[in-house]
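> turn this into a model:
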Amino acid sequence: MENLRPGDPTQVGDYRLLQRLGAGGMGQVFLGRSQRGRTVAVKLVHAQLAYDAEFRRRFRAEVAAARRVGGEWTAPVLDADTEADTPWVATGYVAGPTLHQAVTEICGPLPEQSVWHLASGLARALQSIHGCGLVHRDLKPSNVMLTVNGPRVIDFGVARAADASVLTRTGAMVGSPGYMSPEQILGSEITGLSDVFSLGLVLAFAATGRQAFGGPDSGVHAIMLRVTEGDPDLEGMPEPLAEFVGRCLAKRPEDRIPLPEIVATAEAATADAHSDTWLPGALTAELGRHASSLLDLEAPPPTQVDNPAAGRGGENVHALPTMQDGRVPLPPPGTPTPVPMPPVPTPTPTPMPPMPTPRMTVTTPPMPPVPGGFQPGGRRRSRVGPVLLTVAAVAVLAIVLAVTLPGLKGNENRANPGASGATSSSKSPKASPADYEGNWTGNVREADSGLYSVKVNYTGGKLGDQVATVEYPSLACSGRWILTMDTGHSVQVREEITEESSPSNCVDQVDIVLTPSGDGSLRYEVTSVEDTGTLQRSK
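The predicted model follows:
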């Protein structure tokens, strides 16, 4: 990820853009946040495609089909505007590195068991995509995201929208030469078995760190010749896995392994696995760091410097004028001309030295249950403005200073037992699964002083499992909790809302931290906002 550049939009539809994620042949991809707090990936179509009528027609059809592709192994399409001056599509953001990043930058080739798990997950993803009448056509390591729960496939379906538009009329091919099937290269009929060939190439890269038909240094034409006529380089792969991948890479589509057989073979190969996680330790640690880094992106991005050639930073793409014959239309006659305001200098903040963060255990006395008919202003739905965020940041800094500085003085006093103000430090006790399991009730206070009630049935489980069901009676919604992190002193769960009334006051997905207190209660905290509360055991 990288910061937004001058001229980049900071708002697309209802999504606030926070960072750049990357770019491809179809458009630029940004990390964004919805009004309800969900993290998304927003792709803006390139200008040379946006003004092509045939592309727009196919883009509409493909986005409509891709909306139906969701579920466990793919990034779902959440929103799109195919009629905007700059068409865009928003998908669920997958928090994790790509397979290409994992192999080339983090841990090197994956162990055999991880590759078998990868094969099963990708085959299931392709089954979901093919079930909606789509063919991915560009399955490659950079389009495969790795998560604790398995791989996720991104950029599916819509790649076909560009295939028959301006790209093919200029003689270009859609896809990556090192991961294309023979029929893609030869211009033959494309079916779902083309994706099986690409799947075999992805698995070969995951297991060896090499492309089976040569890397970028080999030259595009040499790679395509080897794909259509040569044998893949599978040296170094374990024999059962090499034979399996070789069958995926058969030249004739009808000779390749069908997806149901791929799933069955891969799951049989992992049936006796002893580890609870499918990824090596270095990747699991990276996933934790990546999840933590997202917490730093809750605030809006810094103000962008205007770039007249690229458009104003922060301009909503819905408001961009439609170009005609390469010109931007003039405003209607009589429209007042805005008077330019002088730029306001932005003060440079003075950096502060790092200070230790104090560990505090706050025990909040239980509050009486909220009546069922009480409807607060909306659970975690308020849009925090820049001024409020600034005030909040100053308040947080003041609290840290107020707590930390006396703590530092206390450390000095501990050197002299007779000094006044000496205190004893205590480390948070180690928590056990029993500290979380059971039925819990309580009330949660929102940042705007509203309250909502919560009921939890925590049954427990390992990372990636559903560990609890949750109900919010005063908000008329319920859902489940997925365990995403266990520090030994607290746990983090991802809440997914499964049932809600319409209109709903609940956010579709948030992260919640639970910390046991010494009195047997649980501290409840939503990581993205200031919603906090205390849960008490109930019978």
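
> output the below-cut-off pLDDT ranges for the chain.
Applying pLDDT under 70 to the chain picks out residues 24-25, 70-71, 156-175, 273-276, 292, 295-429, 447-450, 501-505, 528-529.

> ok, which stretches of it are helices?
47-50, 53-66, 99-101, 112-131, 159-163, 166-169, 182-186, 192-208, 220-229, 239-248, 259-269, 281-294, 386-414 (DSSP state H).

> now do the buried residues in the fourth one.
Meaning helix 112-131. For helix 112-131, burial by neighbour count (16 or more other Cβ atoms under 10 Å) applies to 113-130. For the C-beta atoms, the positions are set from N, CA and C on the backbone; glycine is no exception.

> residue contacts, residue 188?
residue 182 (Cβ atoms under 8 Å, 6 or more residues apart in numbering).

> against residue 36, how distant is it?
45 Å (Cβ to Cβ, to the nearest Å).

> ok, residue 124 next?
To residue 36, residue 124 is 28 Å away according to Cβ to Cβ.

> just residue 104 next, same as before
From residue 104 to residue 36 the distance is 35 Å (Cβ to Cβ).

> got it, and residue 226?
Separation of residue 226 from residue 36 (Cβ to Cβ): 49 Å.

> neighbour count winner among residue 104 and residue 36?
residue 36 (18 against 14; other Cβ atoms under 10 Å).

> quick check: chain neighbours aside, which residue is closest to the more buried one?
Leaving aside its sequence neighbours, residue 36 sits nearest to residue 507 (Cβ to Cβ, 6 or more residues apart in numbering; 4.8 Å).

> surely that neighbour meets residue 38?
Yes - assessed by Cβ atoms under 8 Å, residue 507 is found in contact with residue 38 at 7.0 Å.

> the two - which one has more neighbours?
residue 507 (23 against 18).

> mind checking how far the more buried one is from residue 495?
If you measure residue 507 against residue 495 using Cβ to Cβ, the figure is 8 Å.

> can you give the domain ranges for the chain?
Domains of the chain are assigned by automatic domain parsing as 11-296, 433-538.

> could I get these as TSV with distance to residue 3?
Below are those laid out as TSV (distance: least, Cβ to Cβ, whole Å):
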stretch	distance to residue 3
domain 11-296	6
domain 433-538	20
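
> distance of residue 437 from residue 461?
10 Å.

> what does residue 103 give?
According to Cβ to Cβ, residue 103 stands 30 Å off from residue 461.

> tell me which of the two has more neighbours.
residue 103 (22 against 15).

> what's the spacing between the closest residue to the more buried one other than its chain neighbours and residue 485?
Distance criterion Cβ to Cβ, 6+ apart; nearest residue to residue 103, sequence neighbours excluded, is residue 209 at 5.3 Å. Residue 209 sits 29 Å away from residue 485, taking Cβ to Cβ as the criterion.

> between those two, which is the more surrounded one?
Ranked by neighbour count (other Cβ under 10 Å), residue 209 and residue 485 place residue 485 first, with 17 against 13.

> quick one: contacts for the residue lying closest to the more buried one once chain neighbours are set aside?
Counting by Cβ to Cβ, 6+ apart, residue 492 is the residue found nearest to residue 485 once chain neighbours are left out, at 3.9 Å. Residues in contact with residue 492, defined by Cβ under 8 Å, 6+ apart, are 483, 484, 485, 486, 511, 512, 513, 514, 527.

> kindly recompute the last result at 6 Å.
By Cβ atoms under 6 Å, 6 or more residues apart in numbering, residue 492 lies in contact with 484, 485, 511, 513.

> just the ones of these in strands?
Using DSSP state E, the subset of these located in strands is 484, 485, 511, 513.

> would you confirm that the residue nearest to residue 103 contacts residue 102?
No - the criterion here is Cβ atoms under 6 Å, and residue 209 misses it with residue 102 at 10.3 Å.

> what is the neighbour count of the residue lying closest to residue 441 once chain neighbours are set aside?
Once flanking residues are discounted, residue 441 sits nearest to residue 538: 4.7 Å by Cβ to Cβ, 6+ apart. Close neighbours of residue 538, defined as other Cβ under 10 Å, add up to 12.

> isn't residue 538 up against residue 439?
Yes - counting by Cβ under 6 Å, residue 538 does reach residue 439; the two are 4.8 Å apart.

> would you map the strands across the stretch 1-150 of the chain?
Remark: strands assigned in the stretch 1-150 of the chain by DSSP state E, counting those that start in this stretch are 11-12, 15-23, 27-33, 39-45, 77-81, 88-92, 144-147, 150-153.

> residue 98 is nearest to which of these?
Shortest distance between residue 98 and the strands of the stretch 1-150 of the chain, using Cβ to Cβ, is found for strand 144-147: 5.8 Å.

> list of residues touching the closest one?
With Cβ under 6 Å, 6+ apart as the test, strand 144-147 has contacts from 94, 96, 97, 98, 99, 102, 151, 152.

> quick one, what contacts the last one?
Yep, that's residue 152 we're talking about. 75, 94, 145.

> can you tell me which of those are buried?
Buried among these (16+ other Cβ under 10 Å): 75, 94, 145.

> returning to that earlier point: can you redo the contacts of residue 152 as JSON lines, where the extra columns are distance to residue 259?
As requested, the contacts of residue 152 are exported to JSON lines (distance: Cβ to Cβ, whole Å):
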{"residue": "75", "distance to residue 259": "19"}
{"residue": "94", "distance to residue 259": "21"}
{"residue": "145", "distance to residue 259": "20"}
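
> which one among those residues gets closest to residue 53?
Of the contacts of residue 152, the one sitting nearest to residue 53 (Cβ to Cβ) turns out to be residue 75, at 28.2 Å.
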